[in-house]
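>>> Turn this into a model:
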Amino acid sequence: MSASTEGVAAASGSASSGYAPAIDVVAAVVLAGGHSSRMGTDKASLPLGGTTLLGRTVRLLLDAGLDPVVVVRRADQLLPPLPTEVVTVVDDRPDQGPLQGIATGLSAVAAGDPRRAAAFVCATDLPELHAVFICHLVAALAEDTQAVVPVSGGRPQPLAAVYRVALGQRAEELLSQGERRASVLAAEPGVLLVDAAALLTHRGLAEKGLAETGLADEVLAAADPGLRSMHNVNDLATYLDVLDPESHARAPVVPPFPAPTMPRESRTAVLLGYLDFYRSVVLHKVAGLDETALRTSLLPSGWSPLELVKHLTFVEMRWLEWGFEGRPVDDPWGDRHEDRWHVRPDEPAALVLASLVDRGRRTTAIVRRHELDEAGAPGERWDGAPPATLERVLLHLMQEYARHAGHLDVVRELLDGATGEG
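This next block holds a predicted model:
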């Protein structure tokens, strides 16, 4: 257990005496069986920081001390690798909405260990969930409270809430009456609705009668000041947001243009700054497009925005990893088919965008390992010519990105009138 988690557990334990269950007797239920229609691919398996979206959420719950962690999946769903202590259960009544998932998960908790009085229930796509946020909700679960549901923007958030395990039976009754929405649980007797923003202030806690929980709101305010614990990853734009941890800390999403008057510590920093800028422009341009627009061409040449993104990913790989460093790669021309850019119909758009973000990190690491006047390793990339220096390669990549960002400018304006870099 990390030092920060130990502090959270201690706070929860002090709050639990006669008031709420301790965190170590609270389970977790993760609903992973949704069809992810807005994302266009199964969100549970999307890559994120060396793991997957589901893997990240599960690890956060385990590190917070929740036990067991139960993952609810569809019968036909292949989950990514998970820690061995995670329990997976199949929702045998598919397509009945999140209420069915909650009922299945709470039932599994009750069957597994009757000592578990409550469970934190969440969706698979809460990669910025914080243990302190969970502990605040757990601490508010009084003996006569059936659930603690945070409210954000005037709307209950039933998929980031704490429920008594016994409430699963009520969920089953509601399902038998034709309900599918998880939000109906927020209207049940004994459910405490807590304004999420109030959790950040002592006054807000006092107004809800929660000041005596013993949990310092300053801890949550420091750990999660923007309450991003409830930040869902629902589409390509929000997925890109969490792929780049700094993106939500700046406005707009695209960083400032690296103007000639902007101070930089070296020529390397100047060139990387331009590459980072143009890469961000490309990602921002495509993040607002739906699946059809991403895969459809508006121009006689026939290329689609998603094909262009994949092409740029391979361009960086070909010139730096395969070319300059001379490293072997499986398929350096994997962005092409029959002499044109190509993305397979079954290739998820989210993975194509994630690959470009990851390639940008690899590019930065390669460039930082070398001097600008260093010549590349001999290899196929150079077609028999002497290898270029790193500086010449980076200048080539800059012009390639600037040219293709301009192409996307035109396509985006034709699609919906959007203009500009940010």
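>>> Low-confidence regions, the stretch 151-300 of the chain specifically.
Scanning the stretch 151-300 of the chain for pLDDT under 70 picks out 198-226, 244-254.
>>> Go again with 90.
Within the stretch 151-300 of the chain, the stretches with pLDDT under 90 are 151-155, 180, 186-187, 194-265, 280-281, 283-291.
>>> residue ranges of the strands in it, please?
Remark: strands assigned in the stretch 151-300 of the chain by DSSP state E, counting those that start in this stretch are 155-156, 160-164, 191-195.
>>> With only the CA atoms kept, save the second one in PDB.
Spelled out, it's strand 160-164. C-alpha atoms of strand 160-164 as PDB (Å, rounded to 0.1, in the frame of the first residue of the first chain):
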ATOM      1  CA  ALA A 160     -19.500   6.500  -9.600                       C
ATOM      2  CA  ALA A 161     -21.500   5.700  -6.400                       C
ATOM      3  CA  VAL A 162     -21.500   3.600  -3.300                       C
ATOM      4  CA  TYR A 163     -24.400   1.100  -2.900                       C
ATOM      5  CA  ARG A 164     -25.500  -1.200  -0.100                       C
END
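>>> on contacts alone, who are the packing partners of that strand?
Secondary-structure packing of strand 160-164 (3 or more CB pairs under 8 Å, 6 or more residues apart in numbering; DSSP states H and E): strand 118-123, helix 131-139, strand 147-152. From N, CA and C alone the C-beta is placed, and that goes for glycine too.
>>> Please look at residue 134 and residue 65 and confirm they touch.
No - between residue 134 and residue 65 there is no contact under CB atoms under 8 Å: 9.0 Å.
>>> do you know which of the strands of the stretch 151-300 of the chain lies nearest residue 232?
Among those, the nearest to residue 232 by CB to CB is strand 160-164 (8.7 Å).
>>> For this structure, which segments count as helices?
Taking DSSP state H, the helices of the chain run over residues 3-16, 53-63, 98-112, 131-139, 167-176, 202-207, 217-223, 236-243, 267-287, 291-295, 305-316, 349-368, 390-416.
>>> Ranking the ones you listed by mean neighbour count, which comes first?
Mean neighbours per residue, mean count of other CB atoms under 10 Å, is largest over those for helix 131-139, with a mean of 27.
>>> hang on, the earlier thing: quick one: which of the helices of the chain is nearest residue 45?
Closest approach to residue 45 among these (CB to CB): helix 53-63, 7.1 Å.
>>> Contacts for the closest one next, please.
Residues from elsewhere that reach helix 53-63, judged by CB atoms under 8 Å, 6 or more residues apart in numbering: 1-2, 5, 28, 30, 32, 43-46, 48-49, 51, 69, 71, 79-83, 85-86, 120, 122, 124-127, 129-131, 134, 233.
>>> from those residues, which would you call buried?
Burial by neighbour count, judged by 16 or more other CB atoms under 10 Å, picks out 5, 28, 30, 32, 43-46, 48, 51, 69, 71, 79-80, 82, 86, 120, 122, 124-127, 129-131, 134, 233 from the contacts of helix 53-63.
>>> where's residue 125 relative to residue 85, distance?
Distance, residue 125 to residue 85, by CB to CB, to the nearest Å: 21 Å.
>>> Residue 103 now?
Counting by CB to CB - residue 103 and residue 85 are separated by 23 Å.
>>> Equivalent analysis for residue 243, please.
With CB to CB as the criterion, residue 243 and residue 85 are 27 Å apart.
>>> and if you look at residue 282?
Distance, residue 282 to residue 85, using CB to CB: 40 Å.
>>> Residue 188: which of the helices of the chain is closest?
With respect to residue 188, and counting by CB to CB, the nearest of the helices of the chain is helix 167-176 at 6.4 Å.
>>> May I have the closest one exported as PDB, CA atoms only?
The C-alpha coordinates for helix 167-176 follow below in PDB (Å, rounded to 0.1, in the frame of the first residue of the first chain):
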ATOM      1  CA  LEU A 167     -29.900  -2.800  -3.100                       C
ATOM      2  CA  GLY A 168     -29.200  -5.300  -5.800                       C
ATOM      3  CA  GLN A 169     -32.500  -6.900  -5.000                       C
ATOM      4  CA  ARG A 170     -34.300  -3.700  -5.600                       C
ATOM      5  CA  ALA A 171     -32.500  -3.300  -8.900                       C
ATOM      6  CA  GLU A 172     -33.800  -6.700  -9.900                       C
ATOM      7  CA  GLU A 173     -37.400  -5.600  -9.000                       C
ATOM      8  CA  LEU A 174     -37.000  -2.500 -11.100                       C
ATOM      9  CA  LEU A 175     -35.700  -4.500 -14.000                       C
ATOM     10  CA  SER A 176     -38.700  -6.800 -13.800                       C
END
